[in-house]
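Engineer: okay, here's the prediction I keep looking at, along with the sequence it came from:
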Amino acid sequence: MAEITAETHQSQPRQPSPGRMPRNWSEIGSRLVPGLAVVTAMIFGAVFMVAAATDWAAARAAFSADGVGGFISEVRPGIGRAGIAYGALFEGAAGLGYVNPSSIRAETFYVTLLPLGERSLVFIPRNLIDTIVRTIPFILAGLAVALGFKCGLFNIGAEGQLYAGGLLAALIGFHPAFRGLPSLIHIPLAVAAGIAGGLLWGAIPGFLKARTGAHEVINTIMMNYIAIRLADWLIKSREPVIMLDTTASVPRTPFVAQSAMYPYLANTSLHFGLFVALAAVWLVWWFLYRTTLGFEIRTVGANPSAARYAGMSVSRSVVLAMALSGGLAGLAGAGEVLGVQHNLSPGFFAGVGFDSIAIALLAKTNPFAVVPAALLWGGLINGAGLMQVRADLSIDVVKIIQAFIVMFIAADQIVRALWRIRARRRGEEVVFARGWS
C-alpha cells in the first residue's frame with residue numbers, strides 16, 4: 001500500500017521526552033526540520049536568482065583573464081540582486097525595510113525605527129496587515145487538509161470546497177430576502193451557509209470512500225472541477241440570470257449587504273475573519289485531542305485495521321473527517337467573500353486550495369503549526385510584488401521558492417543530510433495519507 005509519510009517524534013528510546021530540553025544538535029535539529037527546509041529553500045532560491053542575473057559568458061571570460069577575482073566581480077551583481085530581492089520580499093511581507101524614506105509614497109503611513117543617515121529602518125504597518133489578511137484563508141484551508149491527513153485521507157478538494165462555501169455565503173449575503181436582517185443574525189447565517197456548502201462538498205467524496213471504496217483523491221479532484229464550473233455557470237449565466245450582477249463590467253455576483261460583511265479592525269483591511277480562523281485552530285486541536293470522535297479519527301488514520309478491531313466505525317470516521325475538512329474550507333471561502341471581496345467572481349480562489357496542501361505538509365498536520373506555515377505562505381505571496389519591482393525579477397521566482405519548500409519538506413532526508421541531522425530511523429514516521437497499491 002502506497003503511503004505519504006513524514007517525520008514524527010514518538011516511541012523511540014533516544015528521542016527527547018516532552019518535558020526534557022534537547023541536549024544536542026541532533027535532537028534540536030530534528031525538531032527544526034520544517035524551518036530548516038524553509039531556510040534551505042531560500043538558499044536554493046538565492047542561487048537560482050544569482051544564476052538568472054549573471055552574464056555567464058562574461059564571467060567565463062573574466063575567469064580566464066583574471067582568475068577567481070574576475071569571476072567574483074562578474075557574479076557580484078547577481079548576488080546583490082538576490083539580496084535586494086529578499087530585502088524587498090521581507091519588506092513586502094513583514095513591513096520592515098531598510099529604505100530611503102523619501103522613496104515611500106506620501107500617502108503610506110510608516111514608522112521610523114532607526115535613522116541611519118540617508119536610509120532608515122522603517123516599519124510599514126499596511127504591508128504586515130495585508131500579509132495577515134492574505135494568510136487568513138490559508139489558515140482555514142490548511143486546517144482542512146491537515147484534518148483529512150489525521151484520518152489518513154488526502155483531501156485535494158479544498159479548492160472546490162472553497163467555491164461551494166463562497167457561493168452559498170455570497171447568496172445569503174446579497175439575496176434581497178436577507179437584506180433587512182441585523183448583522184448579529186446576517187453574518188452568522190452567511191457563515192453557516194459557507195460551512196454547510198463546504199461540508200456537503202467534502203462529505204460526498206467521504207461517503208463514496210466509506211461506502212464504495214472510491215479513492216478520495218480522484219473524487220475530490222473531480223468535485224473540484226464540478227464546483228469551479230458550477231460557479232462559472234451560476235455567476236456568468238445571462239439566460240437565465242442566476243447570481244450575475246448585470247450592472248457590473250466583469251462577471252461577478254452582486255455585493256453582499258453591509259449587514260453581512262465582517263467588521264473591520266481599527267479602519268484597516270484586517271477583518272473579523274482573523275479571530276474566526278484562530279478560533280478554528282483551537283477548536284480543531286480540541287476536537288482531535290480532547291474528544292472521543294477526534295481520537296477515533298486519529299486512530300483510523302494511524303491504523304484502520306486496529307481501529308476496526310477495537311470496535312471503532314472506520315466508515316463514520318472517514319465521512320466525518322472529510323465533512324469537517326470540507327466545512328473548514330467552506331468557512332475559508334465564506335470569509336473571503338464576507339471580509340475581503342464582498343462578492344464572488346470566477347477564478348477568485350484559484351490556487352488557494354492547492355497551496356493549502358503544502359501548508360498542511362509544512363505544519364506536519366499540527367493545527368497550531370498551521371498558523372506560522374500559513375503566515376509564511378501569505379508573506380511570500382504578499383511580498384512577491386515588491387520583490388519583482390525592486391529586483392527586476394519575475395514574480396514566478398516566489399513560486400520557485402515555494403516549490404523548493406514543498407520539495408524539501410517532502411524529502412526531508414535531503415535537509416537532514418545538508419544540516420548534519422540524524423537520519424530518520426525506521427518507525428519514526430506517521431502516515432499522512434494512504435493510497436492504493
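Structural biologist: That came through fine.
Engineer: doesn't residue 177 fall inside a helix?
Structural biologist: Yes: assessed by DSSP: H, G, I helix; E, B strand; the rest coil, residue 177 belongs to a helix.
Engineer: got phi/psi on residue 115?
Structural biologist: Backbone geometry at residue 115, expressed as degrees, to the nearest 10, gives phi -70, psi 130.
Engineer: burial measure for it, as a count.
Structural biologist: Close neighbours of residue 115, defined as other Cβ atoms under 10 Å, add up to 11. Glycine gets a C-beta too; all of them are placed from N, C-alpha and C.
Engineer: and what of residue 179?
Structural biologist: 14.
Engineer: same check on residue 265?
Structural biologist: 13.
Engineer: now residue 119
Structural biologist: Quick note: residue 119 (other Cβ under 10 Å) scores 14 neighbours.
Engineer: next one: residue 371
Structural biologist: 20.
Engineer: is it true that it touches residue 278?
Structural biologist: Yes: Residue 371 is within contact range of residue 278, at 7.4 Å (criterion: Cβ atoms under 8 Å).
Engineer: mutual contacts of these two, please.
Structural biologist: In terms of Cβ atoms under 8 Å, 6 or more residues apart in numbering, residue 371 and residue 278 are both contacted by the residues residue 139.
Engineer: ranges for the helices of the stretch 1-150 of the chain?
Structural biologist: Here the stretch 1-150 of the chain has its helices, by DSSP state H, counting those that start in this stretch, at 25-31, 33-53, 56-66, 68-94, 125-150.
Engineer: and the second one, what's buried?
Structural biologist: Put plainly, it is helix 33-53. Going by neighbour count (16 or more other Cβ atoms under 10 Å), the buried part of helix 33-53 is 33-34, 36-38, 40-42, 44-46, 48-50, 53.
Engineer: which of those residues sits closest to residue 325?
Structural biologist: The nearest member of the buried residues of helix 33-53 to residue 325, counting by Cβ to Cβ, is residue 34 at 21.4 Å.
Engineer: separation between that closest one and residue 217?
Structural biologist: 24 Å (Cβ to Cβ, to the nearest Å).
Engineer: residue 61 too?
Structural biologist: For residue 61, the distance to residue 217 - Cβ to Cβ - is 52 Å.
Engineer: between the two, which has more neighbouring residues?
Structural biologist: It is residue 217, of residue 61 and residue 217, that has more neighbours when counted by other Cβ under 10 Å, with 18 against 14.
Engineer: what's the burial count for residue 303?
Structural biologist: The number of residues packed near residue 303 is 13, by other Cβ under 10 Å.
Engineer: quick check: it vs residue 296, distance?
Structural biologist: Using Cβ to Cβ, residue 303 is found at 12 Å from residue 296.
Engineer: do you know the pLDDT at the most far-flung residue of the chain relative to its centre?
Structural biologist: Residue farthest from the centre of the chain, counting by Cα atoms, centre = their mean, is residue 65 at 48.7 Å. Reading off the confidence values, residue 65 has pLDDT 90.
Engineer: now do it against residue 79, distance only.
Structural biologist: Distance from residue 65 to residue 79, by Cβ to Cβ: 20 Å.
Engineer: what of residue 40?
Structural biologist: Taken as Cβ to Cβ, the span from residue 40 to residue 79 is 18 Å.
Engineer: same deal with residue 225?
Structural biologist: According to Cβ to Cβ, residue 225 and residue 79 sit 44 Å apart.
Engineer: OK, contacts around residue 229?
Structural biologist: By Cβ under 8 Å, 6+ apart, residue 229 has no neighbours at all.
Engineer: next structured bit after the helix or strand where it lies?
Structural biologist: Assignment of secondary structure by DSSP states H and E places residue 229 within helix 216-236. Per DSSP H and E, the first helix or strand lying C-terminal to helix 216-236 is helix 273-290.
Engineer: now the angle between helix 125-150 and that next one, please.
Structural biologist: 30 degrees (axes from the mean of the first three to the mean of the last three Cα atoms, to 10 degrees).
Engineer: so what's residue 322 closest to, chain neighbours aside?
Structural biologist: Using Cβ to Cβ, 6 or more residues apart in numbering and skipping the chain neighbours, the partner closest in space to residue 322 is residue 206 (2.8 Å).
Engineer: could you give the angle of the helix or strand hosting the one you found to helix 216-236?
Structural biologist: Assigned by DSSP H and E, residue 206 belongs to helix 183-212. Counting by the same axes, to 10 degrees, helix 183-212 lies at 140 degrees to helix 216-236.
Engineer: and helix 183-212, how far out from the chain middle?
Structural biologist: Relative to its parent chain, helix 183-212 has a centroid offset of 20 Å by Cα atoms, centre = their mean, to the nearest Å.
Engineer: quick one: buried residues of it?
Structural biologist: So helix 183-212, judged by 16+ other Cβ under 10 Å, has buried residues 186-187, 189-210.
Engineer: what of stretch 54-72?
Structural biologist: Result for stretch 54-72 [16+ other Cβ under 10 Å]: buried residues 54, 59, 62, 63, 70, 71.
Engineer: wait, what's in contact with the nearest residue to residue 178 once chain neighbours are set aside?
Structural biologist: Closest residue in space to residue 178, ignoring its immediate chain neighbours: residue 172 at 5.7 Å, by Cβ to Cβ, 6+ apart. Residues near residue 172 by Cβ under 8 Å, 6+ apart: 178, 186, 189, 190, 193, 260.
Engineer: tell me the angle of whatever helix or strand residue 172 lives in relative to helix 183-212?
Structural biologist: Assigned by DSSP H and E, residue 172 belongs to helix 158-174. With the same axes, to 10 degrees defining the directions, helix 158-174 sits at 150 degrees from helix 183-212.
Engineer: and helix 158-174, how far out from the chain middle?
Structural biologist: Distance of helix 158-174 from its chain centroid, counting by Cα atoms, centre = their mean, is 18 Å.
Engineer: nearest spatial neighbour of residue 49, skipping sequence neighbours?
Structural biologist: Using Cβ to Cβ, 6+ apart and skipping residues adjacent in sequence, the residue nearest residue 49 is residue 82, 4.2 Å away.
Engineer: what about that neighbour, neighbour count?
Structural biologist: 23.
Engineer: residues in contact with it?
Structural biologist: Going by Cβ under 8 Å, 6+ apart, residue 82 touches 46, 49, 50, 53, 391.
Engineer: show me the shaky parts of this protein.
Structural biologist: Scanning the chain for pLDDT under 70 picks out 1-27, 29-30, 424-437.
Engineer: can we see that at 50?
Structural biologist: Filtered on pLDDT under 50, the chain yields the residue ranges 1-2, 5-15, 18, 436-437.
Engineer: can you list the helices of the stretch 1-150 of the chain in CSV and add distance to residue 324?
Structural biologist: Formatted as CSV, those follow (distance: least, Cβ to Cβ, whole Å):
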stretch, distance to residue 324
helix 25-31, 28
helix 33-53, 24
helix 56-66, 52
helix 68-94, 31
helix 125-150, 6
